[in-house]
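Chemist: What follows is a predicted protein model with its sequence.
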Amino acid sequence: MTAENQITQANTKVSKKKWSDYSISEKKESYLKYIVKEVAQAIKDNYAPFTKPIEQFERAYNPSNGMPFTTLNSLILDIKQKQHNYKENAWISLQDAKFLKADKSEIEAIFNNKDIPKVQTHYIKTFEIKPLYELDQNGNKIPVIDNNNNHVCNKNGELLYKLKLEPQIDRNGNIKYNERTGEPYMQFANEKIPVDPTLETRILYNIGEFKTIDKSRLKPINEIQEYKNRIAHKKDFDSINSPLIFQDLKEMLFPHTAGQILAYMKAQNDNSSYTPPEKGLNEVEKIQVERVVEKVLQAISENKNLATQFLNETPKQVQGKTQSKTSTPKNSKQQKGEEQTKSRGGR
């Protein structure tokens with residue numbers, strides 16, 4: 001190949017699509033494939049929580065605020081708790097760990113340790129939080145000044161400006177006061193800037209991985225308000241801008257597995273015991289489950305061991321890779337009549 005042809009070929013290579021360029025529908029499809037892979041692996045390795053009886057549910061929740069997780073986030077966290085034999089059903093982000101006063105060195109060590117299990121949850125982003133600044137009489141931001149009357153800069157050499165403070169407000173809309181000083185508690189002021197809805201991901205770690213958190217800051221699960229798994233979208237409801245639920249996942253699963261997960265989520269909603277549907281996978285379905293797992297894992301290994309990289313890289317980098325590498329499994333109805341050698345089954 002001539003040098004000219006090499007240059008031409010290099011210039012015509014298609015650049016990889018960035019996660020930020022994906023539409024919300026593409027992001028949802030990518031995340032669903034991640035869930036399908038984890039469900040398949042859990043069934044194959046016999047740790048899927050929806051395949052075993054449960055006397056009492058312990059719903060996954062965030063101990064920094066007491067909020068339980070629901071639907072697909074709850075499902076993936078339950079799967080990961082069983083996979084890694086965690087005793088705790090509490091999950092936090094590194095930012096939560098910082099709030100819970102974990103040592104900075106421990107947070108950095110956990111972030112850099114590729115052997116510590118990580119779980120990717122999702123949410124729909126509809127706004128961004130922007131800080132508010134103090135302004136002078138002319139409406140300009142006020143720079144931060146050090147003791148020598150010099151402007152203070154961040155590590156990138158950019159000027160820092162004074163952030164605006166405002167009183168903290170309780171749930172009833174009242175200002176919170178320090179009982180000792182009588183002064184109001186203050187916090188940095190910010191504003192919500194609406195953005196076009198998009199799916200984003202958040203990496204969580206089991207609370208058992210953190211040894212230095214301030215346990216006095218941990219909150220129990222919030223039982224005052226019910227947080228139930230949404231099973232199906234309401235009729236004529238535009239679900240494109242809403243979080244993923246069971247209905248979105250159902251068509252990518254075998255009917256038997258879909259039935260198990262549905263019964264599991266309903267029992268969790270009712271806070272009742274759970275008994276898996278009696279019918280088990282037939283031999284054809286077992287083969288198909290094993291094949292789709294191997295197919296997914298092979299696709300991952302061909303992409304420089306993406307199984308390891310998936311949660312060690314940023315969610316935006318990872319999701320873009322799995323979007324192009326992982327294929328959607330067929331359900332059992334689509335399998336009927338096909339040769340087993342050509343099966344591409346889901347669960």
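Modeler: The structure has been received and is ready for your questions.

Chemist: so who does residue 221 touch?
Modeler: Residue 221 makes contact with 59, 61, 66, 68, according to CB atoms under 8 Å, 6 or more residues apart in numbering. Every C-beta, even on glycine, is put in place using the N, C-alpha and C of the backbone.

Chemist: Assign it to helix, strand or coil.
Modeler: coil (DSSP: H, G, I helix; E, B strand; the rest coil).

Chemist: And residue 196, which helix or strand is it part of?
Modeler: strand 190-206 (DSSP states H and E).

Chemist: What sits closest to residue 121 if chain neighbours are left out?
Modeler: Nearest residue to residue 121, sequence neighbours excluded (CB to CB, 6 or more residues apart in numbering): residue 73, at 4.3 Å.

Chemist: And for residue 25?
Modeler: For residue 25, ignoring the flanking residues on the chain, the nearest one in space by CB to CB, 6+ apart is residue 240 at 6.6 Å.

Chemist: So what's the residue count around that neighbour?
Modeler: By other CB atoms under 10 Å, 11 other residues sit near residue 240.

Chemist: try residue 136
Modeler: Residue 136 has 10 nearby residues by other CB under 10 Å.

Chemist: Flag every buried residue along whichever strand or helix holds residue 39.
Modeler: Using DSSP H and E, residue 39 maps to helix 24-44. Across helix 24-44, burial judged by 16 or more other CB atoms under 10 Å covers 24, 26-44.

Chemist: ok, residue 114 to residue 74 distance?
Modeler: Distance, residue 114 to residue 74, using CB to CB, to the nearest Å: 26 Å.

Chemist: Going by residue numbers, what spans are strands in this protein?
Modeler: All strands of the chain, identified by DSSP state E, fall at 61-62, 67-68, 91-92, 119-131, 165-167, 186-188, 190-206.

Chemist: contacts for the first one?
Modeler: Pointing back at strand 61-62 there. Residues from elsewhere that reach strand 61-62 (CB under 8 Å, 6+ apart): 67-69, 89-92, 96, 221-222.

Chemist: low-scoring pLDDT stretches of the stretch 1-150 of the chain, where are they?
Modeler: 1-15 (pLDDT under 70).

Chemist: quick one, helices of it?
Modeler: For the stretch 1-150 of the chain, the helices defined by DSSP state H, counting those that start in this stretch occupy 3-11, 24-44, 71-83, 94-99, 104-112.

Chemist: Let me have the strands of the chain in a markdown table, extended by distance to residue 247 and mean neighbour count.
Modeler: Shown next, in a markdown table, are the strands of the chain (distance: least, CB to CB, whole Å; neighbours: other CB atoms under 10 Å):
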| stretch | distance to residue 247 | mean neighbour count |
| --- | --- | --- |
| strand 61-62 | 23 | 22 |
| strand 67-68 | 20 | 16 |
| strand 91-92 | 24 | 25 |
| strand 119-131 | 15 | 15 |
| strand 165-167 | 41 | 13 |
| strand 186-188 | 39 | 12 |
| strand 190-206 | 16 | 16 |
